[in-house]
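[1] Next come a sequence and a model predicted from it.
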Amino acid sequence: MFEFNSENPFARAAARTIARREKQPLQARQRDIYESHRHRAFSVAYYMTGNELEAEQILANTFVTAFRAAEEPSGPDVDAALIQQLQQRFPLLSDAAPAAPSSDGCSLSGRNVKRTDLEEAIQELPAAERLLFLLRDVEGYTSAAIAGLLRVPEAQVSRSLFSARIHLRQAIATIQNNEEKAAARVNRKPGCRAHALLAYYDAAQTAFVADLKQRGFSDAEIGTHAGLADTALALAVDPALVRPAQVAAGARGGVRAGVHGDPTRATAELGRLGAQRIVDSSVAAIRAVRAAGPQPNPSLHK
């Protein structure tokens, strides 16, 4: 369902910066530590709370705690401080019953997931499962690393993560079914015709992303909001929608700047590739619905 890098997220940054830090004064090294970990900590805090101001407070408290415990805290030290802050707000060791696979139509097979649907569905997860999903499937921590961080058996992490993924699929399916139900309600009106155009999102967030990966772009660049994919599409449709001077700043700002990805290498040429995918898939879906003929209008039988 999701493809993320499974390597520990702070290991790469630590390997690149450790030699440089040794030559810096303490204050500069501490600032480097903060910059290396703040985006990850804020991202987790934001998706746990759904509130930017609360996430900022958690971020600040996390680093205050980490720097009080160690003059130069490591990645695991920062993570431990973050978990401590989250545990003060959420029941992270919940014993709630795990989810079971559903047979009520809550399947994502053959469906694409809109970014907004995914973000909404994440908020529907129980807090403990939400954290596991964020750490494992978004931030790329191993199950063993998460178990050590939360001080629980790895088997418990695996079970809860499995339950989280089922709950997430069910929530997304419910959200997407709501779009189809909304179209059905419109179609009850005489003379109205609506279609839940899920093929649009499939082209934009699956086919187009696959095209970009084939051209050597990474998931981290492509992103999920205002990254390379979104910026390229905007450049193709209307270049005035993109402020070139702000692209690099947005990439550096990360989640806190509203950017999930790296838009610096986006081009109109790449965007035209995605736009064509979207138009072709959407038109094909509309034609398929029209070829199937008008559906019975329940309002006409009342």
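    Received, thanks.
[2] quick one: buried residues of stretch 115-135?
    Buried residues in stretch 115-135, counted by 16 or more other C-beta atoms under 10 Å: 117-118, 121-122, 125-135. For the C-beta atoms, the positions are set from N, CA and C on the backbone; glycine is no exception.
[3] do stretch 219-238 as well
    Neighbour count says stretch 219-238 has 219, 221-224, 226-237 buried, by 16+ other C-beta under 10 Å.
[4] Low-confidence bits of the stretch 151-300 of the chain, can you list those?
    The stretch 151-300 of the chain contains residues with pLDDT under 70 at 250-258, 293-300.
[5] what ranges do the helices span in the stretch 101-250 of the chain?
    Residue ranges of the helices in the stretch 101-250 of the chain, as given by DSSP state H, counting those that start in this stretch, are 115-124, 127-133, 143-150, 154-187, 198-202, 208-214, 219-222, 228-237, 244-253.
[6] Including distance to residue 87, could those go into TSV?
    Putting these into TSV (distance: least, C-beta to C-beta, whole Å) gives the following:
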stretch	distance to residue 87
helix 115-124	19
helix 127-133	10
helix 143-150	9
helix 154-187	15
helix 198-202	36
helix 208-214	35
helix 219-222	29
helix 228-237	34
helix 244-253	28
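[7] So which of these is nearest residue 32?
    Nearest of the helices of the stretch 101-250 of the chain to residue 32, taken as C-beta to C-beta: helix 244-253 at 14.4 Å.
[8] moving C-terminal of the closest one, what's the next helix or strand?
    Where DSSP states H and E defines the elements, the next helix or strand beyond helix 244-253 is helix 268-291.
[9] Just the buried positions in the helix or strand that contains residue 33, please.
    According to DSSP H and E, residue 33 maps onto helix 26-49. For helix 26-49, the neighbour count (16+ other C-beta under 10 Å) marks 29-30, 32-34, 36-49 as buried.
[10] now swap in stretch 191-207 and tell me
    195, 196, 198, 199, 200, 201, 202, 203, 204, 205, 207.
[11] got TSV for the residues you listed, with distance to residue 267 too?
    Formatted as TSV, the buried residues of stretch 191-207 follow (distance: C-beta to C-beta, whole Å):
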residue	distance to residue 267
195	32
196	32
198	28
199	25
200	22
201	22
202	23
203	19
204	17
205	19
207	18
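[12] Tell me the one of those nearest residue 82?
    For the buried residues of stretch 191-207, the nearest to residue 82 is residue 205 (28.9 Å; C-beta to C-beta).
[13] my guess is the closest one contacts residue 115, does it?
    Yes - between residue 205 and residue 115 a contact is recorded at 6.7 Å, counting by C-beta atoms under 8 Å.
[14] and residue 150, how many neighbours does it have?
    Residues lying near residue 150 (other C-beta atoms under 10 Å) number 20.
[15] I meant to write residue 287 there.
    The number of residues packed near residue 287 is 10, by other C-beta under 10 Å.
[16] Pull the contacting residues for it.
    Counting by C-beta atoms under 8 Å, 6 or more residues apart in numbering, residue 287 touches no other residue.
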